[in-house]
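Participant: I need the structure of the sequence given here:
(one chain, ligands or ions: 2)
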Amino acid sequence: MTAPHTRVALMGATGSIGSQTLEVLRREPDSFDLVAVSGGRRIHELSEVVNEFAVQHVGVVDEEDRTRLAALVDANVQIVVGEQGLRELSTGPEVVVNAVMGFAGLPVTLATLEAGARLALANKESLIAAAPVVASARRTPEAKILPVDSEHCAIYQCLVGSSELGHPDVTRLLLTASGGPFRGWSRDRLGSVTKSDALAHPTWTMGPKITIDSSTLMNKGLEVLEASALFGIEVDRIDVVVHPQSIVHSMVEYVDGSVLAQLSRPDMRLPIAYCLGAPERLAHHWGQLDFGTALTLEFEPPDRDAFPALDLAYVAARRGGAAPAWLSAANEVCVEAFLDDRIAWRDIVPLVTRTMDEYVDDPLDSLDAVVANDAQARRITHGNLPS
Ligand code: NAD
Ligand code: MG
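Facilitator: Ligands and ions are numbered 1, 2, ... in the order given. Model prediction:
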């Protein structure tokens, strides 16, 4: 059994992963204590979480949010602000779930690992942008990353039993991709994609940024970088396979040709629960498959020509240094501009490519370098947006 009342912090509690984490915690009141939460702009929703779970420590983005939240929660609740607040909340609990969206999740990733705690990581952007810095924080005794991202959680489970360092018994990782809402579309047809087309994912309901990333396949590109950083396997041993049913969450091929896979219905509560409970499995039937009815699983190669974002990620990985950080930062800016109706869907990947064309090699050896590279890539991308 999981030790009673493991103390959990949930950063990004008001988002898609955040609210699904709360669903898991509601079902496990005897195992986990939610001791800290943070949220971005949805202060009313954040107050509801604080009041329901009697959370004592809360993080908000700025002073204005602190004032708004203070009026909605018990006077004893401690409210911290900004990046420093996120770091404080991530230091102390035994498990920290990082469900913040984008580069803003970096303080959570680093502070959790530096405190030697378990990081249940949904926020892939922090790992991609700061891989060498995260790698050194990860060497803190007792620090551990458990991946919430469904593909990486699947691979993590398929690697149990494989030797730890470099996985010499593994030939390749096979990341599955649903293919997004535009699977099978030609480049021509993709030219007229609208916002509502792009926000309609066929198999997963997620926050807006990752939903758009799934429509361009940038999400899969970012996941290749995420997998490489997490498992220490170079990207040339990581392949992407389109699997429209989203039942096989990813696979590992071993040197004897065996392929191990993890299967379930698509339900993020399953990987979240795995990360909270590991090495135990929490006994809920999220994701259980019905083999009593016919089940067809299809696999096909991705259309790399129609979805060039995928290869952009491989190029960034081979270039190394800060190139993945630039890719992620440029993409964040472009997706935000698309969601704000400033650019068309078809402009997202070409604008990211334009930023990458300006990348100059940087070894990315410190947190300062990570922050500077993120800012520079954002500045260049903003400069290329229509005014
Ligand atoms: P979301 O937009 O639904 O929620 C994001 C959360 O982060 C919210 O609580 C928001 O208030 C908070 N936040 C946003 N900007 C912030 C800032 N500047 N400072 C502090 N907090 C901020 O996003 P999501 O879909 O839950 O995704 C969260 C992360 O998990 C992303 O990195 C995403 O790639 C990853 N992920 C999500 C899914 C999914 O199914 N939604 C699956 C795999 C990985
Ligand atoms: Mg994923």
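Participant: okay, CA-based contacts and neighbour counts for the rest of this
Facilitator: Will do.
Participant: show me which residues of this structure are close to ligand 1?
Facilitator: 12-18, 39-41, 61, 99-102, 104, 122-125, 149, 206-208, 210, 268 (Cα under 6 Å from any ligand atom).
Participant: can I get the buried part of those as one ChimeraX selection?
Facilitator: Entered in ChimeraX, the line below selects the buried ones among the residues of the chain next to ligand 1, by 16 or more other Cα atoms under 10 Å:
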select :12,13,14,15,16,17,18,39,40,61,99,100,101,102,122,123,124,125,149,206,208,210,268
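Participant: of the residues of the chain next to ligand 1, which belong to helices?
Facilitator: 16-18, 124-125, 208, 210 (DSSP state H).
Participant: make JSON lines out of the residues you listed and add pLDDT.
Facilitator: Converted to JSON lines, these look like this (pLDDT from 0 to 100):
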{"residue": "16", "pLDDT": "97"}
{"residue": "17", "pLDDT": "98"}
{"residue": "18", "pLDDT": "98"}
{"residue": "124", "pLDDT": "98"}
{"residue": "125", "pLDDT": "98"}
{"residue": "208", "pLDDT": "96"}
{"residue": "210", "pLDDT": "97"}
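Participant: okay if I get the residues you listed as TSV plus distance to residue 342?
Facilitator: Output for those, formatted as TSV (distance: Cα to Cα, whole Å):
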residue	distance to residue 342
16	24
17	27
18	28
124	25
125	23
208	16
210	18
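Participant: just checking: what are the partner strands of the helix or strand containing residue 58?
Facilitator: Per DSSP states H and E: residue 58 is located in strand 57-60. Strands that pair with strand 57-60, judged by DSSP bridges, come out as strand 32-38 (parallel), strand 78-81 (parallel).
Participant: any idea of the angle whichever helix or strand comes after the shortest one forms with strand 32-38?
Facilitator: Put plainly, it is strand 78-81. Counting by DSSP H and E, the element after strand 78-81 in chain order, helix or strand, is helix 82-89. Here helix 82-89 points in a direction 160 degrees away from that of strand 32-38 (axes from the mean of the first three to the mean of the last three Cα atoms, to 10 degrees).
Participant: give the buried residues for helix 82-89.
Facilitator: 82-83, 85-89.
Participant: output the below-cut-off pLDDT ranges for the stretch 151-300 of the chain.
Facilitator: Regions of the stretch 151-300 of the chain meeting the criterion pLDDT under 70 cover residues 163-165.
Participant: which residues in it form helices?
Facilitator: Listed in chain order, the helices of the stretch 151-300 of the chain (DSSP state H, counting those that start in this stretch) span 187-190, 195-198, 208-216, 218-231, 269-277.
Participant: redo those helices as TSV? Include distance to residue 161.
Facilitator: What follows is the helices of the stretch 151-300 of the chain, written out as TSV (distance: least, Cα to Cα, whole Å):
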stretch	distance to residue 161
helix 187-190	42
helix 195-198	39
helix 208-216	31
helix 218-231	14
helix 269-277	17
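Participant: in contact with residue 339, which residues?
Facilitator: By Cα atoms under 8 Å, 6 or more residues apart in numbering, the contact set of residue 339 is residue 195.
Participant: where's it relative to residue 326, distance?
Facilitator: 20 Å (Cα to Cα, to the nearest Å).
Participant: check residue 266 too.
Facilitator: Counting by Cα to Cα, the gap from residue 266 to residue 326 is 30 Å.
Participant: neighbour count winner among those two?
Facilitator: Between residue 266 and residue 326, residue 326 has the larger neighbour count (other Cα atoms under 10 Å), namely 28 against 21.
Participant: what distance do you get for the residue lying closest to that one once chain neighbours are set aside to ligand 1?
Facilitator: Spatial nearest neighbour of residue 326, chain neighbours left out: residue 377 (5.3 Å); criterion: Cα to Cα, 6 or more residues apart in numbering. Distance, residue 377 to ligand 1, using Cα to the nearest ligand atom, to the nearest Å: 17 Å.
Participant: flag every buried residue along the strand or helix carrying residue 377.
Facilitator: Element membership for residue 377 (DSSP H and E) is helix 367-384. For helix 367-384, a neighbour-count test (16+ other Cα under 10 Å) marks 369-371, 373-378, 380-382 as buried.
Participant: repeat that for stretch 60-70.
Facilitator: Applying 16+ other Cα under 10 Å to stretch 60-70 flags 60-61, 65-66, 69-70 as buried.
Participant: check stretch 178-196 too.
Facilitator: For stretch 178-196, using 16+ other Cα under 10 Å, the buried residues are 178-183, 190.
Participant: got CSV for those, with distance to residue 28 too?
Facilitator: Output for the buried residues of stretch 178-196, formatted as CSV (distance: Cα to Cα, whole Å):
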residue, distance to residue 28
178, 30
179, 34
180, 33
181, 34
182, 38
183, 38
190, 44
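Participant: distance between the ends of stretch 260-268?
Facilitator: Taking Cα to Cα as the criterion, the two ends of stretch 260-268 lie 20 Å apart.
Participant: quote the end-to-end distance of stretch 203-213.
Facilitator: 14 Å.
Participant: ok, stretch 233-250 next?
Facilitator: Per Cα to Cα, stretch 233-250 runs 15 Å from first to last residue.
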